[in-house]
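Model the structure of this input:
(2 chains)
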2 protein chains.
Amino acid sequence: MPAANIGPELQRLIDLLAKLPGLGPRSAKRAALHLLKKRDPVMRPLAFALADAADKVKACSTCGNWDSIDPCAICAEASRDQSILCVVQDVGDLWALERAGAHKGRYHVLGGLLSPLDGIGPNDLNLGSLIERASAPAVSEIVLALPATVDGQTTAHYVTDQLIAANVSVTRLSQGVPVGGELDYLDEGTLAAAMKTRRPA
Amino acid sequence: MPAANIGPELQRLIDLLAKLPGLGPRSAKRAALHLLKKRDPVMRPLAFALADAADKVKACSTCGNWDSIDPCAICAEASRDQSILCVVQDVGDLWALERAGAHKGRYHVLGGLLSPLDGIGPNDLNLGSLIERASAPAVSEIVLALPATVDGQTTAHYVTDQLIAANVSVTRLSQGVPVGGELDYLDEGTLAAAMKTRRPA
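This next block holds a predicted model:
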């Protein structure tokens, strides 16, 4: 039920804002009021930025990253190590690795994970071009930076199998205790994995 | 520091989304990715709705409510009790009262609260027209539905003083135990107020 007596333009704005992840119906109302108070500094620029990004931002035809240029800024960066490809689930994970400065090579965005329950199979992912890129002579290592979830690990297994013919070394992110993590608050699976893969001090 | 290698269109969208209340820099990124995945069902309509509402939604010249018509839908509703005016801080509080079906009269939106610390004085609020409306013969009661905060109560006192000449009865929302509220979790001020204003059972 929409709250009574909200005009149609405002109600539609609230309904659309409520579709953003992190905003519910009530916070969408608060956001709409906030925007109406800041029409020129925020509301109109946001309207323009949304339309502009919707038109200009495309998936990079090489790696699947989102950018307004193709190939994307990362693929175009000549100083990046061409021998390592890091496979990620989506652009958000690519950004997380970039933020951490954790990877100096290039990326390959799968666009999802295999999920038989959700009906997502290999053909729904950006897999064919990964095998093609991995087979290039310049590429020597594929790092699978996929989530440590059931779907993520299923996908990692599948991708590893598919890459056998490409004759590259396939690696994964290590699992263990997060930096700054208290052992007491960690789940048993992580603790067991960290113990199993313990290293010389 | 913006995350490295995000295109300018996308970065600007993220920066603007991060200005919405309830979204921070990280959730703004998640929202931007979500929008890019739903360009036609959400992103472009949201761009349009923002621009459309920014152009069409105006403050009602009578009560200060936001609507695309003037007088607003509430002021225009003939069946509403014209003798009671409910004074609220902003349109969000008006919506809350409407959602609760708590008020069958009309509203008056102050557009803020007196706050000497923030430099907000009587002239910054929609007060002159309140006194004018309160002086109309049809109006017999002004309900001050202002927050139970220091600024809210200061404003309520000030408005009450200003309304003496208008010769109307000025009332306030009662304070007490919220419906469904556990006494154990209530602050001392509320409990003391509820005890002081206790009523026959």
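
Now the element after the strand ranked longest in chain A, going C-ward?
If you go by DSSP state E, chain A has its longest strand at strand A:81-88. Per DSSP states H and E, the first helix or strand lying C-terminal to strand A:81-88 is helix A:91-100.

CA atoms only for that next one - export them in PDB, please.
This file holds the C-alpha atoms of helix A:91-100, laid out as PDB (Å, rounded to 0.1, in the frame of the first residue of the first chain):
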ATOM      1  CA  VAL A  91      32.900  -6.100 -11.400                       C
ATOM      2  CA  GLY A  92      32.400  -5.500  -7.700                       C
ATOM      3  CA  ASP A  93      35.000  -8.100  -6.900                       C
ATOM      4  CA  LEU A  94      37.300  -6.600  -9.500                       C
ATOM      5  CA  TRP A  95      37.000  -3.300  -7.800                       C
ATOM      6  CA  ALA A  96      37.700  -4.900  -4.400                       C
ATOM      7  CA  LEU A  97      41.000  -6.400  -5.700                       C
ATOM      8  CA  GLU A  98      41.900  -3.100  -7.400                       C
ATOM      9  CA  ARG A  99      41.200  -1.200  -4.100                       C
ATOM     10  CA  ALA A 100      43.500  -3.600  -2.300                       C
END
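
Just the residues contacting whichever helix or strand comes after that helix, thanks.
Next along the chain after helix A:91-100, taking DSSP H and E as the criterion, comes strand A:105-109. Residues outside strand A:105-109 that contact it (C-beta atoms under 8 Å, 6 or more residues apart in numbering or on different chains) are A:59, A:63-65, A:74-75, A:80-91, A:94, A:97, A:126, A:129-130, A:133, A:141, A:143. Placement of C-beta: from N, CA and C, glycine included.

Restricting to C-alpha, output strand A:105-109 in PDB.
Presented in PDB, the C-alpha positions along strand A:105-109 are these (Å, rounded to 0.1, in the frame of the first residue of the first chain):
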ATOM      1  CA  GLY A 105      47.800  -8.400 -14.100                       C
ATOM      2  CA  ARG A 106      44.600  -8.300 -16.000                       C
ATOM      3  CA  TYR A 107      41.100  -9.600 -15.200                       C
ATOM      4  CA  HIS A 108      38.400 -11.700 -16.600                       C
ATOM      5  CA  VAL A 109      34.900 -11.100 -15.300                       C
END
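
Next, the angle from that strand to strand A:81-88.
30 degrees (axes from the mean of the first three to the mean of the last three C-alpha atoms, to 10 degrees).

which ones are touching A:Pro21?
B:Ser27, B:Arg30, B:Ala31, B:His34.

of those residues, list those near chain A.
B:Ser27, B:Arg30, B:Ala31, B:His34 (C-beta under 8 Å from any C-beta of the partner chain).

Most neighbours of all those, which one?
Within the ones next to chain A among the contacts of A:Pro21, most neighbours by other C-beta atoms under 10 Å in any protein chain shown means B:Ala31, with 22 neighbours.

OK, contacts around that residue?
Neighbours of B:Ala31 in contact, by C-beta under 8 Å, 6+ apart: A:Leu20, A:Pro21, A:Gly22, A:Leu23, B:Leu17, B:Leu23.

among those, which ones are buried?
Among those, those classed as buried by 16 or more other C-beta atoms under 10 Å in any protein chain shown are A:Leu20, A:Gly22, A:Leu23, B:Leu17, B:Leu23.

got CSV for the ones next to chain A among the contacts of A:Pro21, with secondary structure too?
Formatted as CSV, the ones next to chain A among the contacts of A:Pro21 follow (DSSP: H, G, I helix; E, B strand; the rest coil):
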residue, secondary structure
B:Ser27, helix
B:Arg30, helix
B:Ala31, helix
B:His34, helix
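
Just give me how far the helix or strand of chain A with the lowest mean pLDDT sits from the chain centre.
In chain A, the helix or strand scored least confidently by mean pLDDT, DSSP states H and E is helix A:188-196, which has a mean of 85. With C-alpha atoms, centre = their mean, to the nearest Å as the basis, helix A:188-196 stands 25 Å off its chain's centre.

quick one on the thing from earlier: which of the contacts of B:Ala31 sits closest to A:Ala166?
Using C-beta to C-beta, A:Pro21 is the member of those that lies nearest A:Ala166, at 35.5 Å.

so what's that closest one scoring on pLDDT?
pLDDT for A:Pro21: 93.

ok, back up a step: dump the buried ones among the contacts of B:Ala31 into JSON lines; add distance to B:Leu117 and secondary structure as well.
Converted to JSON lines, those look like this (distance: C-beta to C-beta, whole Å; DSSP: H, G, I helix; E, B strand; the rest coil):
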{"residue": "A:Leu20", "distance to B:Leu117": "33", "secondary structure": "coil"}
{"residue": "A:Gly22", "distance to B:Leu117": "31", "secondary structure": "coil"}
{"residue": "A:Leu23", "distance to B:Leu117": "30", "secondary structure": "coil"}
{"residue": "B:Leu17", "distance to B:Leu117": "30", "secondary structure": "helix"}
{"residue": "B:Leu23", "distance to B:Leu117": "27", "secondary structure": "coil"}
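
Strands of chain A, start to end?
Counting by DSSP E, the segments of chain A that form strands are A:58-59, A:66-67, A:81-88, A:105-109, A:141-145, A:169-172.

Show me which positions of the least confident helix or strand of chain A end up buried.
Neighbour count says helix A:188-196 has A:Thr190, A:Ala193, A:Ala194 buried, by 16+ other C-beta under 10 Å.

and if you look at stretch A:148-156?
A:Asp151, A:Gly152, A:Thr155, A:Ala156.

cool, stretch A:168-177 as well?
A:Val168, A:Val170, A:Arg172, A:Gly176.
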